Structures are given as structure tokens and as C-alpha cells.
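Student: Show me the folded form of this:
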Amino acid sequence: GCDHGLAFEVVPKTNSLFLVALEMCAGRSVATAATATVYICQGTLLRRLRQRDEWRQAATGPLRPCRASRLELSEPVLLQANATYCIYIATNSAAGIAFGDEARGGEVCFENDDMQVHAGRTSGSMAHFAGFEG
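Tutor: Prediction:
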């Protein structure tokens, strides 16, 4: 699917991690590129989506349709082990962020030895921090 925005949770396991970049793409119907803004905060989506002041902007840049686009964060973000962090990617297009069906729901949608990524929420609104389902 595609939407204006995608928010999800990241949980480092036994070691703290530095997040330095994210790689993603825009949906097929985006003509040239969507502009993405990445926000990060500590806590759960359930609490933090309504607490705009808790988030800090970490990156901004173009997302190309159907091609990996790497956004370097303005500075590395330390993610403490066993703590929950939220990442929100907001775009200026209805197909600005592409995602798989596993991206919604709340269960673990990716896991390796270092971290878990929990499925999140999508936003259908051009306004940042608005239009989330559920």
C-alpha cells in the first residue's frame, strides 16, 4: 500500500544502537519524488502519536517512486537497549510512502539479532501528526 505517512515502533534488543539513516521509497503513482520528513521519539505509538511535542525532526529528503531512497539523519540517534522508540515518516503525497501489508497492526513485522520492528499506523493526511487510522 501507499499513504501520506507511516509510523512504527523500533525496539533494540540487548545492545543499544545508533540509527544513522533510513531506506524507503515512494509509491508507484508519485511522478518524480515525494518529500519525506522523519520524526523520532522514545515511547509507544499509542501514547506518542497524540503528543506532538515529544517528537524531534531527524531528517528530510526526497523519496523516489519504487526505488530505494536513503535518508541520512541530521545526527545519529542513540536507541537504548530494551526501550521502545517511534519513527514517523511524513510525506507530501498521497502515495508518498510505500509499505507492505505487514506494516499495519502492532505485531512484530521484522526482527533480527539486534532489533524488532513493530507494525504501525498509516496516515492519510497531508498534515503531519494527523489522519492516523484507529
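Student: Report all helices and strands that the helix or strand of the chain with the lowest mean pLDDT contacts.
Tutor: Least confident helix or strand, the chain: strand 108-111 with a mean of 84, by mean pLDDT, DSSP states H and E. With contacts taken as 3 or more Cβ pairs under 8 Å, 6 or more residues apart in numbering; DSSP states H and E, strand 108-111 sits against strand 115-123. For glycine as for every other residue, the C-beta is placed from the backbone atoms N, C-alpha and C.
Student: For the strand it packs on, list every residue counted as buried.
Tutor: Buried residues in strand 115-123, counted by 16 or more other Cβ atoms under 10 Å: 115-123.
Student: What of stretch 56-67?
Tutor: If you call a residue buried by 16+ other Cβ under 10 Å, then stretch 56-67 has these buried ones: 58-59, 63, 65.
Student: where exactly do the helices run in this protein?
Tutor: Using DSSP state H, the helices of the chain run over 45-48.
Student: How many neighbouring residues does Lys13 have?
Tutor: 14 (other Cβ atoms under 10 Å).
Student: quick one: contacts for it?
Tutor: Residues near Lys13 by Cβ atoms under 8 Å, 6 or more residues apart in numbering: 81-82, 113-116.
Student: Contacts only, for the closest residue to Glu75 other than its chain neighbours.
Tutor: Sequence neighbours aside, Ala58 is the residue nearest to Glu75 in space, at 7.9 Å (criterion: Cβ to Cβ, 6 or more residues apart in numbering). Residues in contact with Ala58, defined by Cβ under 8 Å, 6+ apart, are 38-40, 73-75, 77.
Student: Sweet, I'm off.
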